[in-house]
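Engineer: Below: sequence and its predicted model.
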Amino acid sequence: MQMHPAKRVEIIIEAPMEARLTEALTEAGVTGFTILPVLGGSGRSGQWSREGQVGRSGMVSVVCIIKPERLDTLLDAAFAVVQRHIGVVTVTDAQVLRAERF
Amino acid sequence: MQMHPAKRVEIIIEAPMEARLTEALTEAGVTGFTILPVLGGSGRSGQWSREGQVGRSGMVSVVCIIKPERLDTLLDAAFAVVQRHIGVVTVTDAQVLRAERF
Amino acid sequence: MQMHPAKRVEIIIEAPMEARLTEALTEAGVTGFTILPVLGGSGRSGQWSREGQVGRSGMVSVVCIIKPERLDTLLDAAFAVVQRHIGVVTVTDAQVLRAERF
Amino acid sequence: MDFFALAAQNLMTPMILCFALGLAAALARSDLTVPEAMAKAMSLYLLFAIGFKGGVSVASHGLDASLGLSLLAGVILSFALPFIAYALLRAMTQLSALDAAAVSAHYGSISIVTFVTATTVLAGRGIEAEGYMVAVAAAMEAPAIVSALWLVARSGAGPRMDARLWHEILLNGSIVLLVGSFLIGALTGDGGMTRIESFIVSPFQGVLCLFLLDMGLVAGRGMRGAEGNLGFGALAFGVLMPMIGAAFGLGAALILGLSAGGAALMMTLAASASYIAVPAAMRVALPEANPSVYLTLSLGVTFPFNLVIGIPTYVAIALAVIKG
Amino acid sequence: MDFFALAAQNLMTPMILCFALGLAAALARSDLTVPEAMAKAMSLYLLFAIGFKGGVSVASHGLDASLGLSLLAGVILSFALPFIAYALLRAMTQLSALDAAAVSAHYGSISIVTFVTATTVLAGRGIEAEGYMVAVAAAMEAPAIVSALWLVARSGAGPRMDARLWHEILLNGSIVLLVGSFLIGALTGDGGMTRIESFIVSPFQGVLCLFLLDMGLVAGRGMRGAEGNLGFGALAFGVLMPMIGAAFGLGAALILGLSAGGAALMMTLAASASYIAVPAAMRVALPEANPSVYLTLSLGVTFPFNLVIGIPTYVAIALAVIKG
Amino acid sequence: MDFFALAAQNLMTPMILCFALGLAAALARSDLTVPEAMAKAMSLYLLFAIGFKGGVSVASHGLDASLGLSLLAGVILSFALPFIAYALLRAMTQLSALDAAAVSAHYGSISIVTFVTATTVLAGRGIEAEGYMVAVAAAMEAPAIVSALWLVARSGAGPRMDARLWHEILLNGSIVLLVGSFLIGALTGDGGMTRIESFIVSPFQGVLCLFLLDMGLVAGRGMRGAEGNLGFGALAFGVLMPMIGAAFGLGAALILGLSAGGAALMMTLAASASYIAVPAAMRVALPEANPSVYLTLSLGVTFPFNLVIGIPTYVAIALAVIKG
Ligand SMILES: Nc1ncnc2c1ncn2[C@@H]1O[C@H](COP(=O)(O)O)[C@@H](O)[C@H]1O
Ligand SMILES: Nc1ncnc2c1ncn2[C@@H]1O[C@H](COP(=O)(O)O)[C@@H](O)[C@H]1O
Ligand SMILES: Nc1ncnc2c1ncn2[C@@H]1O[C@H](COP(=O)(O)O)[C@@H](O)[C@H]1O
Ligand code: NA
Ligand code: NA
Ligand code: NA
């Protein structure tokens, strides 16, 4: 099956920043992303868990699949948002079906 | 530690198609997969969120780790299901422990 | 944007073993990880789903981003925990922003 | 003037206001949200409670031929309404044949929350209705889908329809729970009711309030996303079609000889549009149809119309026609 | 004949029928599901309510030596029953020593929903029981695990058992909530009850109905997955073992001099099999044991057996033996 | 001695004991947890119920200038308290200017659960309070954030503050639901109350118990994570600041001429510290501030202090000062 190279960007970010990140992505022309829930985690700022929480606490994971040539635009947009915030940005090489979608 | 090459296939698909996809995978001999929940996302068909929804709406993410040589079988099976549907199929190169399991 | 090589390790493990795994990781010096929920899946031990379950059943997915040189330490620690248990360990090559964090 | 007083009185119920609050919060982009699991829990509760109450009422009033005939009438209505909806949509809007067919399936099927709200309005005004109307509601969920797919197949677009999908539609969770709890209510009768009354009767309207808050939030989010997607023709359809449906429902009720309450419920069922079961079926069978069209129409236009204007009107008409 | 009438009457409760509905829906592959968070919420509610009520009842009836002795009896039963279960399994089935030991842990431990259902049946028939039976239930959760692990260690398979796991088992959520709310009920007594009665007493049976619906769904899904996995011997064990357990429970109740209601509950505890706390412990301590064996037996065979046949029988026997 | 009896009596309520149970379970590392969706569902329920009840009470007692003046007083308190908190923190602790400002925002704002608990204590003792205090609570959520950000901006650290964040804060879910249900209660009055009373009044205290159990679990987990993070000065602040706040609240109540019940609620609001809305705002506006500092102080120190000691004291003082 015909595959096309792409980048898979995963941004783990604080839930209160989610809307700001997705808007920044949209403004930068990134039209597709998927938001995955996160149960808990650990990092330099300690361990946390979503269990029993009431507020918009914790983190979410935003996954974007994009054409390799658009990676820098995306990273610039994402970085502007996450810069001062805790969060992790990971990029992996990937292959996609139906490249016309990205 | 001894690692073995594998492919990590991630299929983001509409929730009402989930059972059809996993059955197609099983029929194609893919014996292992994991289903992750998705909170929301955005694509050509607009933005959506699972919050407050009652029906089997939204999308799920199906992750399969397989031996590289079985990738094409899997993709054929997956593609037959997602073909007419919205959804994203991504493949990344990976390494696994305990290759005998895949 | 300056990216740095890293490894993305994804460990799908039974929920009752989660705390043991994260403690083993912490003891091995892995300071960052993120836990994603899992809805269901299928493997050699059959198909399962979290729907309607009351106990600490099912699986979770633990994602760690680490410096490549620390991979072996992490895998040793993880393997000691998952060894006798069902579960999947996958490693992919990745790139990260802000390498000082890992 | 009396009408306006009545309308105002109808608007001033906690239920309608909760829906309005949800709508306003979503349109104002508040981050107020109801967790998915809570929304599903409330919908399971409402289905269980309404089904059980219907069954208990049948147990105490006994059954006669009218249940069978009412089920039949419901099925026929559900089959027939999509054809009217489709013709109207093709005449009034620019929607493609595919989108029009998908929308029409929603309007032949029913909205259980609209039905539940109507039963609450009746109960609040002390009007009795046939308990088996719950079973009629269940029977009306699926047939409309067949008609819509037939409309599509005729136009050559090739819906994806198989035994599997039939199974999913006929045994979807809400039909099973509604019919199941109806049977449980019918089997256990007043004895069963005594045991669980303080769970399914007393808190019912309060749960409905929070559920309608959620419906308002979801509808408002949908409206925000669909801004400008729907032309005037489609919006007009969303208001016109429930009135046509209600007229057919009234006709059926008169033929069946239902009580005024039963007639109001039959009108409500025919007037309401599905937004849970049918959308999921459409995603499988007609993936090329645009979900934002049918969801916006059914949840964003027809649902609030029925809630605020439709139900009180149907009740008033049913009372006028049948008591009169 | 009288017995059948009674059996039919027992079957015709909303609770049993809800379980049957869930089972039927799952076996028919309906997509009816209860969200995980809702299932957990209901189980927290049931644990809190049953613990609190037990505590309040102890506060008003006072405590005596019998609480201590009953706890001791419960612990001994929980330690002892796995040995019987293990011997039976090895004799009746092909299960490996490991799987047999894992199953036996479940049957020494208890199912709190079975217990809750039995209290509801007693309450429905106006039979009083010792309030502290809730504490006995909590005390019986863990000891069986020790016996099972000892059985495995003896056979050289090397279970993974450490201080950590002990901590997890003894302080698992359901034990803590049950004991905690029991103490809260005992401390606040009737005053506390007045404050929260309309939360924990009135809607209790209704919540139990929806919870049993979910249990039916989960059990049915498990059965579907396990089709043909269990031989006839194992199935027979799933029915025989609760009866043996109940007999031991009755013996203990007679020695302790419990009331008829208390005896019925002791029988139910001994007869029931865990499907929440013990499975999680087994995944950690005996990961090589096959979960589908123990889950199917405990949730798919013994749970419905107790619900439908066991509980009314235990109540009838306790009444006959102790009132007589 | 009378005081100790009263204190013991206050401690022996199911609500306080549930909080203690949650705290103990978390500190003992039990795996008892409340699902996130259930916690959110309970908080939506509590907000809706408390808002609605406040609105109904306003509908039946009528409105006068005092609502406007009370709102104004609340807003001023919320603006002013952060300055006091900030000065105290800088004097008593080693916290950076940024962390001190972030903490101070929490203490100017309010905790709705503390408020809800206080209303329950008043209701339990038959003390009436102004229904519109719910609106005052809503009005006090946000102003403190402005003061805190002003304190930061003055010190040059540059908070991230924009129209967007304003929108998020002012239309955050709990404010919208509180104000919305207050208006719904005010509009539908006793008629509305009759419809949903058995949902929002009867089970209220029971739901509050389970919610406080969850708060105890969350607070306990936070304490475990923060062990030794906070110095003695910070802990002392967590107890001192609510008393100072309460004193200001009392002053405001006297100036406004509130009833004793209203005064107790105003004291509680001023004394309580936010742990839902403000933390989320701080993560956006002051991401460099350490969340474990402000969460531990507000949820781990001040919340239990108010629950156990604060509220009964404020009620006693309000009764003494105003009835006297
Ligand atoms: N190396 C990592 N791998 C995976 N997730 C991480 C990592 N570091 C941090 N995280 C996630 O990001 C959150 C905040 O990280 P930190 O800013 O280091 O406290 C953590 O709680 C984790 O959920
Ligand atoms: N490029 C992408 N990266 C990640 N997820 C995507 C992407 N495109 C689409 N999706 C997901 O797939 C769903 C449907 O996409 P679409 O068919 O483009 O509307 C979206 O709502 C996202 O959840
Ligand atoms: N090849 C695979 N790809 C993705 N997930 C898997 C795979 N194999 C197993 N899993 C996950 O691990 C669980 C246990 O697998 P197993 O031990 O094979 O039964 C399954 O239920 C899946 O959730
Ligand atoms: Na209809
Ligand atoms: Na047992
Ligand atoms: Na305050």
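Structural biologist: In hand now; what should we look at? Numbering: from 1, shown residues only, chains lettered A, B, ... in the order given. Ligands and ions are numbered 1, 2, ... in the order given.

Engineer: Low-confidence ranges, the stretch 151-300 of chain D, go.
Structural biologist: Residue ranges of the stretch 151-300 of chain D with pLDDT under 70: D:157, D:160-161, D:227-228.

Engineer: That one against ligand 6: which residues are in contact?
Structural biologist: Remark: no part of the stretch 151-300 of chain D is in contact with ligand 6, using C-beta under 5 Å from the ion. From N, CA and C alone the C-beta is placed, and that goes for glycine too.

Engineer: Contacts only, for the residue of the stretch 151-300 of chain D found nearest chain B.
Structural biologist: In the stretch 151-300 of chain D, no residue comes nearer to chain B than D:I276, which is 3.9 Å away by C-beta to the nearest C-beta. By C-beta atoms under 8 Å, 6 or more residues apart in numbering or on different chains, the contact set of D:I276 is B:V54, B:G55, D:S43, D:I112, D:S174.

Engineer: again, only using 7 Å
Structural biologist: B:V54, B:G55, D:S174 (C-beta atoms under 7 Å, 6 or more residues apart in numbering or on different chains).

Engineer: so which of those residues are also by chain E?
Structural biologist: The overlap between the contacts of D:I276 and the neighbours of chain E (C-beta under 7 Å from any C-beta of the partner chain) is empty.

Engineer: Which positions within the lowest-mean-pLDDT helix or strand in chain A qualify as buried?
Structural biologist: Lowest on mean pLDDT, DSSP states H and E among the helices and strands of chain A sits strand A:46-49, with a mean of 89. The neighbour-count check on strand A:46-49 (16 or more other C-beta atoms under 10 Å in any protein chain shown) flags A:W48, A:S49 as buried.

Engineer: Stretch A:35-51 spans what distance, first to last residue?
Structural biologist: Length of stretch A:35-51, first residue to last, C-alpha to C-alpha, to the nearest Å: 19 Å.

Engineer: Is that stretch positioned near chain B?
Structural biologist: Yes: using C-beta under 7 Å from any C-beta, stretch A:35-51 comes into contact with chain B via A:I35, A:L36, A:P37.

Engineer: Just checking that stretch against ligand 2, any contact.
Structural biologist: No: using C-beta under 6 Å from any ligand atom, we find that stretch A:35-51 stays clear of ligand 2, coming within 7.6 Å at best.

Engineer: Is chain E within reach of that stretch?
Structural biologist: No: Stretch A:35-51 is not in contact with chain E by C-beta under 7 Å from any C-beta; minimum separation 10.4 Å.

Engineer: before we move on, the earlier item: is the least confident helix or strand of chain A positioned near chain F?
Structural biologist: Yes: Strand A:46-49 is in contact with chain F by C-beta under 7 Å from any C-beta, via A:G46, A:Q47.

Engineer: next SSE after the helix or strand hosting D:A280?
Structural biologist: D:A280 is part of helix D:277-285 when elements are defined by DSSP states H and E. Counting by DSSP H and E, the next helix or strand C-terminal to helix D:277-285 is helix D:291-295.

Engineer: So the residue of chain A found nearest ligand 6, which state does it fall into?
Structural biologist: Going by C-beta to the ion, ligand 6 is nearest to A:G55 of chain A, at 16.7 Å. Secondary structure state of A:G55, per DSSP: H, G, I helix; E, B strand; the rest coil, is coil.

Engineer: The closest residue to it other than its chain neighbours and E:V146, how far apart?
Structural biologist: In space, and not counting its chain neighbours, A:G55 is closest to F:I276: 3.9 Å by C-beta to C-beta, 6 or more residues apart in numbering or on different chains. Distance of F:I276 to E:V146, given as C-beta to C-beta, to the nearest Å: 43 Å.

Engineer: circling back to that earlier point, dump the least confident helix or strand of chain A to PDB, restricted to CA.
Structural biologist: Provided in PDB are the C-alpha atoms of strand A:46-49 (Å, rounded to 0.1, in the frame of the first residue of the first chain):
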ATOM      1  CA  GLY A  46       6.300  16.200  40.900                       C
ATOM      2  CA  GLN A  47       3.700  13.500  40.400                       C
ATOM      3  CA  TRP A  48       0.100  14.100  39.700                       C
ATOM      4  CA  SER A  49      -3.100  12.200  38.900                       C
END
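
Engineer: Give me the sheet partners of it and which way each runs.
Structural biologist: Here strand A:46-49 has these sheet partners by DSSP bridges: strand A:40-43 (antiparallel).

Engineer: now the contacts of D:I276: which count as buried?
Structural biologist: Among those, those classed as buried by 16+ other C-beta under 10 Å are B:V54, B:G55, D:S174.
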